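# Pasting the sequence and the predicted coordinates here, then a few questions.
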Amino acid sequence: MNKVIILGNDHTNTVGLIQSFGKKRIYVIVVVWGVKTGIVKKSRYLSEFYSACDVDKCLEFVAVKLVNSNDTYVIIPGCDLAAIKLEEYREKFPSNVLYQFVKGTYKIHELENKELQVKVASKAGFDIPWSYKIDSLSQIPSNLDYPCLIKPLASYQGSKSDLLICNNLVELRRNLELVLSRTSQVLLQRYIKKDNEYTIIGCGLKDGSVYIPFICQKLEIYPPKVGLESVIETIDFPSGIKEACIQYIRSIGYCGLFSIELMHSEEDLKYYFTECNLRNDGDNGFVLHAGCNVAYVHYSDMIDNMNEIMHFKECDKNIYIWDMHHFLSLLHRDISLKQWISDIKRSKGLLMYFPEDSGPFFKQYTNWILEKLHIRKPNNY
């Protein structure tokens, strides 16, 4: 029997994967660590659920107690740390356990480094903003143009709150001191005065081909300026962008799920590469709503069952909403009630809502209500 093991956190990324495989009637096992939101266990597609205190304990459980010789397992990482740790455990799993890999010069943990990503992206044909690697305040260049942007050099060592805009040297020094207290190195970059942001989702296949069905433009963001998507629109690929994505993934020899982030500059009208994530993306629910199942394509490729994939279609072109972000935008008055209603009317789907598997969607809202009533501890959405 073929089974999927999803390794990650009890949150949106994991739920999107469960629904991808559940729709195909695949046996889904979830192994999580960290904050317990309860949304994963609300999915009707879930076959088995396990949790441990950290990612290493999760992987030890999978290697020692979960897998057996009678079944084939495909492990899908739902976050950066899961992808990195999976690579470290490669020698501990038998041959019937399959998961993403890199067959090029670099390892996955090296490809999480933003400085290396910039080099690879530049060679692949992307436009790149100027950048510097910083690990102390003394390394701040003297001839910087402001505003500028700082973010952790490795994604898994920080969070979205560590992505900070600095308008002058005083702000830069203060923000660097803050972020360097939580991570060892920071990428200092030119701030792109953007008019749009984009997310691209696809997967690299074992034969070296690359399937990219999805690109979305972020119409609304929560929180504003440095947050995640709230309302998105799936669009056609701008000239040369899909080709650059394919070249990036091929050049590193990657097989697995990925997402690539871009910004469009309103000043020079270029599409600038910002980062590449070698794992499932939180936008996966949008991909499903738009008529594609990239996670299932990756799974089919891993078990050598690509005959079932008749053709590689692109996603439908529509507007979709990240429901919780959109709801919080309304509560925090980033958008008006009129705009909130208008967005919902014109959208073709909500990230977490599928009629046949609505449990996770409603659970995130009951969590929020219970937190406001101080009945449960707050989680970050």
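Perfect, thanks for sending it.

# Strands of the stretch 151-300 of the chain, start to end?
164-166, 186-190, 194-204, 210-222, 228-234, 254-265, 271-277 (DSSP state E, counting those that start in this stretch).

# so where's the stretch 1-150 of the chain shaky on pLDDT?
For the stretch 1-150 of the chain, no stretch has pLDDT under 70.

# Mind jotting down where the strands sit in it?
Under DSSP E, counting those that start in this stretch, the stretch 1-150 of the chain gives strands at 2-8, 27-32, 48-51, 72-77, 97-99, 101-102, 131-134, 148-152.

# With distance to R333 and mean neighbour count added, can I get those strands in JSON lines?
Using the backbone N, CA and C atoms, a C-beta is placed for each residue, glycine as well. Shown next, in JSON lines, are the strands of the stretch 1-150 of the chain (distance: least, C-beta to C-beta, whole Å; neighbours: other C-beta atoms under 10 Å):
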{"stretch": "strand 2-8", "distance to R333": "32", "mean neighbour count": "23"}
{"stretch": "strand 27-32", "distance to R333": "34", "mean neighbour count": "22"}
{"stretch": "strand 48-51", "distance to R333": "37", "mean neighbour count": "15"}
{"stretch": "strand 72-77", "distance to R333": "36", "mean neighbour count": "24"}
{"stretch": "strand 97-99", "distance to R333": "43", "mean neighbour count": "20"}
{"stretch": "strand 101-102", "distance to R333": "44", "mean neighbour count": "18"}
{"stretch": "strand 131-134", "distance to R333": "35", "mean neighbour count": "16"}
{"stretch": "strand 148-152", "distance to R333": "26", "mean neighbour count": "23"}
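
# and of those, who's closest to A290?
strand 72-77 (19.7 Å; C-beta to C-beta).

# what distance separates the start and the end of stretch 269-285?
End-to-end span of stretch 269-285 (C-alpha to C-alpha, to the nearest Å): 30 Å.

# Out of the strands of the stretch 1-150 of the chain, which gets nearest to Y198?
Each of the strands of the stretch 1-150 of the chain was scored for nearness to Y198 using C-beta to C-beta, and the closest is strand 148-152 (16.9 Å).

# Show me what the closest one is packed up against.
Here strand 148-152 touches strand 164-166, helix 169-180, strand 186-190, going by 3 or more C-beta pairs under 8 Å, 6 or more residues apart in numbering; DSSP states H and E.

# Now for F93: which residues touch it?
Applying C-beta atoms under 8 Å, 6 or more residues apart in numbering, we find F93 in contact with 62-63, 67.

# distance of it from S347?
Look at F93 and S347: by C-beta to C-beta, to the nearest Å, they are 41 Å apart.

# hmm, back to that, I'd like the strands of the stretch 1-150 of the chain as TSV, with distance to L116 appended.
TSV is the format used below for the strands of the stretch 1-150 of the chain (distance: least, C-beta to C-beta, whole Å):
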stretch	distance to L116
strand 2-8	23
strand 27-32	29
strand 48-51	33
strand 72-77	19
strand 97-99	22
strand 101-102	12
strand 131-134	10
strand 148-152	14
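
# Indicate which one of these is closest to W368.
Going by C-beta to C-beta, the one of the strands of the stretch 1-150 of the chain nearest W368 is strand 27-32, 19.9 Å.

# And the closest one, what does it pack against?
Checking 3+ C-beta pairs under 8 Å, 6+ apart, strand 27-32 ends up next to strand 2-8, helix 12-22, strand 48-51, helix 55-61.

# what does the last one contact?
Okay, so that is helix 55-61. With contacts defined as C-beta under 8 Å, 6+ apart, helix 55-61 is touched by 7, 31-33, 50-52, 81-82, 85-86, 89, 92.

# Mind picking the one among these that's closest to Q185?
Looking across the contacts of helix 55-61 and measuring by C-beta to C-beta, the closest to Q185 is L81, at 16.9 Å.

# in stretch 337-354, what counts as buried?
The neighbour-count criterion (16 or more other C-beta atoms under 10 Å) identifies 340, 343, 347, 349-352, 354 as the buried residues of stretch 337-354.

# Among those residues, which are located in strands?
Nothing among the buried residues of stretch 337-354 maps onto strands, per DSSP state E.

# Tell me which entries of those lie within helices.
Of the positions in those, 340, 343 sit in helices, assigned by DSSP state H.

# pLDDT wise, what is I321 at?
pLDDT for I321: 98.

# on that earlier part again, nearest to V102 among the helices and strands packed on strand 27-32 would be which one?
Comparing the helices and strands packed on strand 27-32 against V102 with C-beta to C-beta, the closest turns out to be strand 2-8 (17.3 Å).

# and the helices and strands packed on strand 148-152, which is most packed in?
Most buried of the helices and strands packed on strand 148-152 by mean neighbour count (mean count of other C-beta atoms under 10 Å) is strand 186-190; its value is a mean of 21.
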